[in-house]
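Asks: can't give you the sequence, but here's the structure:
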């Protein structure tokens, strides 16, 4: 997120906080701008996962009443729940947004790690016995251990802390003598303090129970789903388990709708690329493909396009595997191969729904590409994704799947390739001399862009000392002109197709280096994300 966007976000939060503060003063509820000091005994009255879920921090006792700090003291339901838990009357104190966030972090910031240590000490089974006999534990024992209140709180806190830290995936990996927990933040895995190894059966068992999986089956991959309510919003979590040498490995993909930025500006697309995309999505029919490896943000980019394209007068239908985020006003269909609903069969049915715009989550076989092309030929605007290294390679991939060159040429309107790189934290951005090991990897034109200085993020509290805060896209966009369309129809080789590229075409690395020169990302991130594109 750019510095301007952060300022806008902070301004919005400040406005909301000011409105709550005014209403609290009218109702005689105390409101403070600085975080109050808390009493340790009062804090212990509320389980950490409950406090985080309700956005409440116990402060102290006052004449037989429990004083609680709240980001929104007008949330009567949360206050009543706390009162019922502690069995005491409640006095509410409103705390300004940023001050409350600091109070919450200071009070419960490392709770999951502390709770894991506490749970390890209290475990009834010896750690050595469990560590060496994980296969011998009965399903009934795992179920009993997984229903322990403290274990439930531990798993809840692992998930809550992951959501708070903008984690996209939680990895739980079993090894011979340890159980690792890692959060993928901004595309990079960051190891957390691990729970004790002998908690492995109970921890994984609890996750499987929450995801609706079979806890007795430990030798077959399973998939499940968890819905988590956090701070008044719904967070969907896709869970996958696979058997490994030392137990089941678990990956939880966190789909937090509030964290997705459905705006091409926020995603980092340059103005000239946005202008071209606007012209492409305004076309009445044709095919627009977005390419890149798994995890490069293809679906998010197309969601942003669909959101911009939405009009009540248009029928927009998507078919996805799975539906990652719900889009208002758009009909979304999840693929279900077990029931015979594939991309191809679903797409055939979509055409009978009289759509104006169709989004196909992935074009992966000959049958699907055939229907996609014919849909674009018959007056529909179609968006889809492919897995290729660069934009132009999409043409060859279409032919590999059986598309006729003259048909592909007639429907293609645009090809977008992208990668994701980490965005430098704007709060600790600094400039320093370009390192020698990087300088020789830059062209003369690129060195001139930086004038001997490169942006770095040394790390601060805002980015948790990572130096990065969020991600942005690096793009290359091909607008299909008459020359390139003719070359595709003649089924020319990739080398010859490159000679027909539009004059305004800009390789992905150029886009990335321009963003690095503006201090939005680092040179290392651009080189890492675009090196495979350079080699094609």
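Replies: Okay, I see it. What you see is a predicted model, and the numbers here were worked out from it, not measured in a lab.

Asks: okay, and for this protein, where does confidence drop off?
Replies: Residue ranges of the chain with pLDDT under 70: 1-17, 109-143, 145-146, 148-150, 231-232, 259, 532-536.

Asks: 50 instead, please
Replies: The chain contains residues with pLDDT under 50 at 1-13, 110, 123-132.

Asks: so which strand or helix has the residue sitting nearest the centre point of it?
Replies: Of all residues in the chain, the one closest to the mean position by Cα atoms, centre = their mean is residue 168, 4.3 Å from it. Take DSSP states H and E as the rule and residue 168 turns out to sit in strand 167-174.

Asks: buried set for that strand?
Replies: For strand 167-174, a neighbour-count test (16 or more other Cβ atoms under 10 Å) marks 167, 168, 169, 170, 171, 172, 173, 174 as buried. Every C-beta, even on glycine, is put in place using the N, C-alpha and C of the backbone.

Asks: Adding distance to residue 154, write the residues you listed out as TSV.
Replies: Shown next, in TSV, are these (distance: Cβ to Cβ, whole Å):
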residue	distance to residue 154
167	16
168	21
169	19
170	13
171	16
172	12
173	17
174	16
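
Asks: Farthest-apart pair in those, please.
Replies: Farthest pair in the buried residues of strand 167-174 (Cβ to Cβ) is 168 and 174. Separation: 21.3 Å.

Asks: rewinding a little: what's the next helix-or-strand element following the strand holding residue 168 packed up against?
Replies: Sequence-wise, the next helix or strand downstream of strand 167-174 (DSSP H and E) is strand 179-185. Under the contact definition 3 or more Cβ pairs under 8 Å, 6 or more residues apart in numbering; DSSP states H and E, strand 179-185 sits against strand 167-174, strand 188-191.

Asks: Nearest approach to residue 292 belongs to which of those?
Replies: strand 167-174 (16.0 Å).

Asks: Now do that closest one: distance to the chain's middle.
Replies: 13 Å (Cα atoms, centre = their mean, to the nearest Å).

Asks: So what touches that strand?
Replies: Residues from elsewhere that reach strand 167-174 (Cβ atoms under 8 Å, 6 or more residues apart in numbering): 158-159, 162, 179-185, 187, 189, 200, 203-204, 207, 244, 246-254.

Asks: Give me the sheet partners of that strand and which way each runs.
Replies: As defined by DSSP bridges, the strand partners of strand 167-174 come to strand 179-185 (antiparallel), strand 247-256 (antiparallel).

Asks: I'd like the ones you listed laid out as JSON lines, including distance to residue 349 and mean neighbour count.
Replies: Shown next, in JSON lines, are the strands paired with strand 167-174 (distance: least, Cβ to Cβ, whole Å; neighbours: other Cβ atoms under 10 Å):
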{"stretch": "strand 179-185", "distance to residue 349": "35", "mean neighbour count": "19"}
{"stretch": "strand 247-256", "distance to residue 349": "25", "mean neighbour count": "20"}
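
Asks: Determine which of those strands approaches residue 102 most closely.
Replies: strand 179-185 (19.7 Å).

Asks: Return the distance of the closest one from the chain's centre.
Replies: 15 Å.

Asks: With stretch 498-516 instead?
Replies: That offset, for stretch 498-516, works out to 27 Å (Cα atoms, centre = their mean).

Asks: in that stretch, what counts as buried?
Replies: Those would be 500-501, 505-516, for stretch 498-516 by 16+ other Cβ under 10 Å.

Asks: For that stretch, which outside residues touch it?
Replies: With contact meaning Cβ under 8 Å, 6+ apart, stretch 498-516 is reached by 268, 270, 272-273, 390, 392, 417-419, 421, 442, 446, 449-450, 454-455, 472, 474-479, 481, 483-484, 486-487, 492, 521-523, 525-526, 529-530, 533-534.

Asks: Are any of these buried, and if so which?
Replies: 268, 270, 273, 390, 392, 417-419, 421, 442, 446, 450, 454-455, 472, 474-479, 484, 487, 492, 521-523, 525-526, 529-530, 533.

Asks: Inside helices: which ones of these?
Replies: Residues of those located in helices (DSSP state H): 273, 446, 450, 484, 487, 523, 525, 526, 529, 530, 533.

Asks: which residues touch the second one?
Replies: Same thing as residue 446. Counted by Cβ under 8 Å, 6+ apart, residue 446 has contacts residue 513.

Asks: In a markdown table: the helices and strands packed on strand 179-185, plus distance to residue 354.
Replies: Output for the helices and strands packed on strand 179-185, formatted as a markdown table (distance: least, Cβ to Cβ, whole Å):
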| stretch | distance to residue 354 |
| --- | --- |
| strand 167-174 | 36 |
| strand 188-191 | 45 |
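
Asks: Quick one, which of the ones you listed gets closest to residue 290.
Replies: strand 167-174 (18.9 Å).

Asks: I'd like the distance between residue 256 and residue 215.
Replies: 26 Å (Cβ to Cβ, to the nearest Å).

Asks: Then residue 107?
Replies: Applying Cβ to Cβ to residue 107 and residue 215 gives a distance of 33 Å.

Asks: next one: residue 370
Replies: Applying Cβ to Cβ to residue 370 and residue 215 gives a distance of 43 Å.

Asks: got the strands paired with strand 167-174 as a markdown table, with distance to residue 400 columns?
Replies: As requested, those are exported to a markdown table (distance: least, Cβ to Cβ, whole Å):
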| stretch | distance to residue 400 |
| --- | --- |
| strand 179-185 | 31 |
| strand 247-256 | 29 |
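
Asks: Which among those strands is found nearest to residue 72?
Replies: strand 247-256 (19.5 Å).

Asks: Run through who's touching the closest one.
Replies: Residues contacting strand 247-256 (Cβ under 8 Å, 6+ apart): 134, 159, 162-163, 167-174, 200-201, 204, 207, 218, 226, 233, 235-243, 324-325.

Asks: Which residues lie in contact with residue 366 in this structure?
Replies: Residue 366 is in contact with 401, 402, counting by Cβ under 8 Å, 6+ apart.

Asks: Kindly report the same for residue 365.
Replies: Applying Cβ under 8 Å, 6+ apart, we find residue 365 in contact with 343, 344, 401.

Asks: ok, which stretches of the stretch 201-350 of the chain are strands?
Replies: Listed in chain order, the strands found in the stretch 201-350 of the chain under DSSP state E, counting those that start in this stretch are 222-230, 233-244, 247-256, 286-291, 316-320, 331-334.

Asks: Starting from the longest one, tell me which strands it pairs with and how they run.
Replies: Strand 233-244 has the following sheet partners, assigned by DSSP bridges: strand 222-230 (antiparallel), strand 247-256 (antiparallel).

Asks: Switch these over to CSV; also include distance to residue 92.
Replies: Putting the strands paired with strand 233-244 into CSV (distance: least, Cβ to Cβ, whole Å) gives the following:
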stretch, distance to residue 92
strand 222-230, 21
strand 247-256, 28
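
Asks: closest to residue 101 out of these?
Replies: Among those, strand 222-230 comes nearest to residue 101, with 14.1 Å by Cβ to Cβ.

Asks: Good, wrapping up.
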